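the sequence isn't on hand, but the structure is:
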């Protein structure tokens, strides 16, 4: 991977989500889902630099599976793969 995020940004690769269906068997399309997304962290920036010069390291690491806000970040394509670059504050949780 040649993408190195700057500051407190994180590069995420989407994890395929299971299709959701209602009890009556209707498939809910991705566009109708309002839930957070799940992805794997593939690169992490150095962290956030505070006004006094101290560096706060990111809470996530490469390989972590995380849940992030649905409309967070910017989509990019690199080497034929699609990634999402998000600010660390847009990551809601780490799945353990």
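That came through, no problem. Small disclaimer: the values here were computed from a predicted structure and weren't measured.

quick check: closest non-adjacent residue to the most centrally placed residue in the chain.
Centrality entry for the chain: nearest residue to the mean C-alpha point is residue 12, 4.2 Å, by Cα atoms, centre = their mean. In space, residue 12 comes closest to residue 39 once its chain neighbours are excluded; the distance is 3.8 Å by Cβ to Cβ, 6 or more residues apart in numbering. C-betas here are computed from N, CA, C, even on glycine.

tell me what the particular helix or strand that has that neighbour in it is packed against?
For residue 39, the element it lies in under DSSP states H and E is strand 37-44. With contacts taken as 3 or more Cβ pairs under 8 Å, 6 or more residues apart in numbering; DSSP states H and E, strand 37-44 sits against strand 9-14, strand 65-68.

out of those strands, which gets nearest to residue 85?
Among those, the nearest to residue 85 by Cβ to Cβ is strand 9-14 (5.5 Å).

and that closest one, which strands flank it?
Strand pairing for strand 9-14, determined by DSSP bridges: strand 37-44 (antiparallel), strand 81-87 (antiparallel).
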